[in-house]
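Trainee: model this:
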Amino acid sequence: MARIGLNALVLRTDASYRNAGPSRYATNLVQALLAQPSANQFTIFLNEQERSLPFEPAQPVRILRTKAPTSRTSIRVLWEHLLAPWHIGAARLDVVHSMLNVVPLAAPTHHVVTVHDLSFIRTPGTHPAHRRWYLTVATWLSARRARAVLADSYATKDDVVELLGINSKRVHVVYPGREAAFRPRTEAEVETFKRTNGLDGPFVLFVGTMEPRKNVDVLVRAFDVVVRDGFHGDLVLAGGSGWATETIDAALAESPTRNRIHRIGYVKQEDLPYWYCAADLVVYPSSYEGFGIPVLEAMASGTPVITSNRSSLPEVAGNAALTVDPRDIQQLAAAMSAVLASPERRTQMSERGLVQARKFDWRVAAEQCLSLYRRALDPS
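Mentor: Numbers count the residues shown, from 1 in each chain. Alright, predicted model coming up:
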């Protein structure tokens, strides 16, 4: 029996951009781990806003909810390094899995850490300076402190090895899984959703936090071209505002089709699957991703996808999506027009996407994590 700590302070259930990639990762991985048969004792660290897990645990679990406001990033960082070591020692945890790049460096135990991406090194201009500096130093130290480093993709593993200088044998690819809610819906369900939300025509959908590396400004300008080429639908931008959105704001202000572009903000988790199913096309032209959850969600929903030819995105998309240069407006516009103009092509992409999405399973990810926890505890 092992006493395992899961640092899930990034787990959020509120309606904001913070309940996005890392939060969904923590929620789904914790749920999958607790669903696995094992004799382990789990302690879950949650921030002060989360009074319980957002699902019914499959086995008894100890919840340690912080008194400090660790839902704020700056407080979470301080708590992880100053107070978490005391709590970990008091609970006599054998291994702690930290789920967002950084481990409590002084904690007296063995560590496993998930490194989602190294965008703060690969694309430094897309992050505020203080965030870039902290993550670079803390992730470098954490990867050396940890017994095992988990990467969301082989692209991220390559980055960890190259940019952090970690031995490749210590870096393990554990793919995130698809959520059961993301699946094709019946025509009646989709039509009901469209009527409820005033959707009376075709539309292209983007899902993601509004930040520079997502290239939403490029998508807006490509959409202008697609409309000029004859597309009669709309563009829907779903996702909370992150940081440095000036280029997005400028592209929207300058767009001749801005009356057909709808920025709807953060979408409730229960509504998001229907947005994917209702869309004619999902476009995700990010310059850099450790995995790219929206691509997987769209494919699992049976919706055609166009994404970037950079970082992990071709790895996740396989042969199911079209990939383009994420900063090339004309190339993106041409790909969008080609897909939107061909129902047969959309059907083929939908079928390939459903097959590709089945390769990503949270149960498999949990099994791999449990194996890595055992290896982390092996004195040899």
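
Trainee: contacts, neighbours, all on C-alpha from now
Mentor: OK.

Trainee: mind checking the end-to-end distance for stretch 354-365?
Mentor: Stretch 354-365 stretches 19 Å from its first residue to its last (Cα to Cα, to the nearest Å).

Trainee: and it, how far from the chain's centre?
Mentor: Offset of stretch 354-365 from its chain centre (Cα atoms, centre = their mean, to the nearest Å): 15 Å.

Trainee: for that stretch, which positions count as buried?
Mentor: Going by neighbour count (16 or more other Cα atoms under 10 Å), the buried part of stretch 354-365 is 354, 356, 357, 360, 361, 362, 363, 364, 365.

Trainee: same question, stretch 249-263
Mentor: For stretch 249-263, a neighbour-count test (16+ other Cα under 10 Å) marks 251, 252, 255, 257, 258, 260, 261 as buried.

Trainee: Which two among the residues you listed are spaced furthest apart?
Mentor: Pairwise distances across those (Cα to Cα) peak at 13.3 Å, for the pair 251 and 260.

Trainee: circling back to that earlier point, format the buried residues of stretch 354-365 as a markdown table; extra columns: secondary structure and pLDDT.
Mentor: Output for the buried residues of stretch 354-365, formatted as a markdown table (DSSP: H, G, I helix; E, B strand; the rest coil; pLDDT from 0 to 100):
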| residue | secondary structure | pLDDT |
| --- | --- | --- |
| 354 | helix | 98 |
| 356 | helix | 98 |
| 357 | helix | 98 |
| 360 | coil | 98 |
| 361 | coil | 97 |
| 362 | helix | 98 |
| 363 | helix | 97 |
| 364 | helix | 98 |
| 365 | helix | 98 |
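
Trainee: need those in CSV with distance to residue 196, can you?
Mentor: CSV is the format used below for these (distance: Cα to Cα, whole Å):
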residue, distance to residue 196
354, 26
356, 31
357, 28
360, 32
361, 32
362, 32
363, 34
364, 37
365, 36
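
Trainee: OK, contacts around residue 138?
Mentor: 101, 102 (Cα atoms under 8 Å, 6 or more residues apart in numbering).

Trainee: er, residue 205 I mean
Mentor: With contacts defined as Cα under 8 Å, 6+ apart, residue 205 is in contact with 235, 236, 237, 238, 275, 276, 279, 280, 281, 282, 283.

Trainee: Tell me the helices and strands packed up against the helix or strand where residue 296 lies.
Mentor: For residue 296, the host element (DSSP states H and E) is helix 293-300. When contacts are defined as 3 or more Cα pairs under 8 Å, 6 or more residues apart in numbering; DSSP states H and E, helix 293-300 sits against helix 272-278, strand 281-284, strand 305-308, helix 313-317, helix 343-357.

Trainee: Throw these into TSV and include distance to residue 178, thanks.
Mentor: Compiled in TSV, the helices and strands packed on helix 293-300 are given as follows (distance: least, Cα to Cα, whole Å):
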stretch	distance to residue 178
helix 272-278	12
strand 281-284	17
strand 305-308	16
helix 313-317	12
helix 343-357	7
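
Trainee: Quick check: which of those is nearest to residue 246?
Mentor: The nearest among the helices and strands packed on helix 293-300, by Cα to Cα, is strand 281-284 at 18.9 Å.

Trainee: Parallel or antiparallel, which strands does that closest one pair with?
Mentor: The pairing partners recorded for strand 281-284 under DSSP bridges are strand 203-207 (parallel), strand 305-308 (parallel).

Trainee: Also compute the angle for the longest one relative to helix 293-300, please.
Mentor: Taking axes from the mean of the first three to the mean of the last three Cα atoms, to 10 degrees, one finds that strand 203-207 is oriented at 140 degrees with respect to helix 293-300.

Trainee: Could you identify the helix or strand that succeeds strand 203-207?
Mentor: Downstream of strand 203-207, the first helix or strand assigned by DSSP H and E is helix 216-228.

Trainee: now for the next helix or strand after that next one, which elements pack on it?
Mentor: Counting by DSSP H and E, the next helix or strand C-terminal to helix 216-228 is strand 234-238. Strand 234-238 sits against strand 203-207, strand 261-265, with contacts defined as 3+ Cα pairs under 8 Å, 6+ apart.

Trainee: rewinding a little: let's see the helix holding residue 296 as PDB, backbone CA atoms only.
Mentor: Output in PDB follows, covering the C-alpha atoms of helix 293-300 (Å, rounded to 0.1, in the frame of the first residue of the first chain):
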ATOM      1  CA  ILE A 293      -7.600  19.300 -26.100                       C
ATOM      2  CA  PRO A 294     -10.000  21.200 -28.400                       C
ATOM      3  CA  VAL A 295      -8.800  19.200 -31.400                       C
ATOM      4  CA  LEU A 296      -9.500  15.900 -29.500                       C
ATOM      5  CA  GLU A 297     -12.900  17.200 -28.300                       C
ATOM      6  CA  ALA A 298     -13.900  18.200 -31.800                       C
ATOM      7  CA  MET A 299     -12.900  14.900 -33.400                       C
ATOM      8  CA  ALA A 300     -14.700  12.900 -30.600                       C
END
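
Trainee: what's the angle from it to helix 343-357?
Mentor: Going by the same axes, to 10 degrees, helix 293-300 makes 110 degrees with helix 343-357.

Trainee: all strands of the stretch 101-250 of the chain, in order?
Mentor: Using DSSP state E, counting those that start in this stretch, the strands found in the stretch 101-250 of the chain span residues 110-115, 148-151, 171-173, 203-207, 234-238.

Trainee: Of these, which stretch is the most buried?
Mentor: strand 148-151 (a mean of 26; mean count of other Cα atoms under 10 Å).

Trainee: Would you mind listing where the chain has pLDDT under the threshold?
Mentor: The chain contains residues with pLDDT under 70 at 15-18, 379-380.
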